[in-house]
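In: can you look at this prediction? I've put the sequence above it.
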Amino acid sequence: MSPARLKGDWTSWRDRPYAANAGTEEKRKQGERWAALNEYIRRHGGAVVSVPGVKTLRVEVGKDSSAKLTSELARLGYNVAQCGSVTRITGAPSVSPRTERLTHAVPSAFTECDVLEIRLDGR
């Protein structure tokens, strides 16, 4: 028969402070880079559509401003990959048929966006 374990044996293990996680500092830095890049992209007319804190950002920008934002991000040292395009609903107000006939201009409720992919580590 094995000797009975004393309560003090497992309580000392339970109350032991956790070792510092080496990945915690990297995750914090990655979160800061994500927030800074998100702010930069929003100021330049894009929208980050990926979840906060991931290593790869997916960005949607309008067809007219995708080249400018791509060149700006490349100048900052990021490798920008084109991932196609998507159609988004803009939420444009509805127009009555009478107004549409008189103005001959139909504001579209849809817009085409280019999708870019950026890695936070710059690869």
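Out: Cool, the structure landed. Numbers count the residues shown, from 1 in each chain.
In: Gln82 contacts Leu116, correct?
Out: Yes - applying CB atoms under 8 Å, one finds Gln82 in contact with Leu116, separated by 6.4 Å. To be clear about C-beta, it is placed using only N, CA and C from the backbone, and glycine gets the same treatment.
In: state the helix or strand in which the nearest residue to Ala47 once chain neighbours are set aside lies.
Out: Nearest non-adjacent residue to Ala47, counting by CB to CB, 6 or more residues apart in numbering: Glu60, 5.1 Å away. Here Glu60 is covered by strand 56-62, with elements defined by DSSP states H and E.
In: what pairs with that strand, parallel or antiparallel?
Out: Under the criterion DSSP bridges, strand 56-62 sits next to strand 46-48 (antiparallel), strand 110-119 (antiparallel) in its sheet.
In: so which of those is the most packed in?
Out: Compared across the strands paired with strand 56-62, strand 46-48 shows the largest average neighbour count, a mean of 19 (mean count of other CB atoms under 10 Å).
In: and the contacts of that strand?
Out: Here strand 46-48 makes contact (CB atoms under 8 Å, 6 or more residues apart in numbering) with 37-38, 41-42, 57-61, 65, 69, 116.
In: buried ones only from the residues you listed, please, as a PyMOL command.
Out: Remark: buried members of the contacts of strand 46-48, expressed as a PyMOL selection using 16 or more other CB atoms under 10 Å:
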select buried, resi 37+38+41+57+59+60+61+69+116
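In: and Lys27, which of the three is it?
Out: helix (DSSP: H, G, I helix; E, B strand; the rest coil).
In: correct me if wrong: it contacts Gly53.
Out: Yes - checked against CB under 8 Å, the pair Lys27 and Gly53 is within contact range at 7.4 Å.
In: what strand or helix carries Glu32?
Out: Counting by DSSP H and E, Glu32 is part of helix 22-43.
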